[in-house]
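Peer 1: pasted the sequence and its predicted model underneath.
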Amino acid sequence: MDAVKVIAEPRRREILRLCWHDERSAGELADAFEVTFGAVSQHLKVLRDSGLVTVRKAGARRYYRANLAALGPLAAYLEQQWGHQLDRLAALAEATDAGDRG
């Protein structure tokens, strides 16, 4: 499956963000969403099958990490998008704080 189509789904992008720098267990990833573990597991399968995450098995657990090399130029795009989101959040927090003081 085409990587762009895979990351077009918002939950898959969020899963990638969560395991961008550090390995995360499937349970940790599932805990970040208000959907069933099965739903997150399906998203992980799509990401795994497309090569956008790597998986390491340790006993009964599976640990996932974003495969930045497989993302190619999309990796820079995603980092830029997440950076813009953080910038907007910071600006909103500052505006709210200034409003509380004023």
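Peer 2: Looks like it arrived, so ask away. Residues are numbered from 1 along each chain as shown.
Peer 1: OK, contacts around Ala66?
Peer 2: Neighbouring residues of Ala66 by CB atoms under 8 Å, 6 or more residues apart in numbering: Leu16, Cys19, Trp20, Leu52, Val53. Glycine gets a C-beta too; all of them are placed from N, C-alpha and C.
Peer 1: one more pass at 6 Å, please.
Peer 2: Leu16, Cys19, Trp20, Val53 (CB atoms under 6 Å, 6 or more residues apart in numbering).
Peer 1: phi, psi of the first one?
Peer 2: In other words, Leu16. For Leu16, the backbone dihedrals (degrees, to the nearest 10) come out as phi -60, psi -40.
Peer 1: could you find the closest non-adjacent residue to it?
Peer 2: Ala66 (4.9 Å; CB to CB, 6 or more residues apart in numbering).
Peer 1: if I look at that neighbour, how far off is Leu47?
Peer 2: 8 Å (CB to CB, to the nearest Å).
Peer 1: near Arg11, how many residues? Count them for me, please.
Peer 2: Neighbourhood size, Arg11 [other CB atoms under 10 Å]: 16.
Peer 1: pretty sure it sits against His43.
Peer 2: Yes. Between Arg11 and His43 there is a contact under CB atoms under 6 Å: 5.3 Å.
Peer 1: picking up where we left off before, between Ala66 and Leu47, which contacts overlap?
Peer 2: Joint contacts of Ala66 and Leu47 (CB under 6 Å, 6+ apart) are Val53.
Peer 1: and what about Asp22, helix, strand or coil?
Peer 2: Three-state call for Asp22 (DSSP: H, G, I helix; E, B strand; the rest coil): coil.
Peer 1: could you measure from it over to Gly38?
Peer 2: 24 Å.
Peer 1: same check on Leu16?
Peer 2: Per CB to CB, Leu16 is found 19 Å from Gly38.
Peer 1: can you check Gln80 too?
Peer 2: Distance, Gln80 to Gly38, using CB to CB: 32 Å.
Peer 1: what of Pro73?
Peer 2: Counting by CB to CB, the gap from Pro73 to Gly38 is 32 Å.
Peer 1: fine by me, thanks again.
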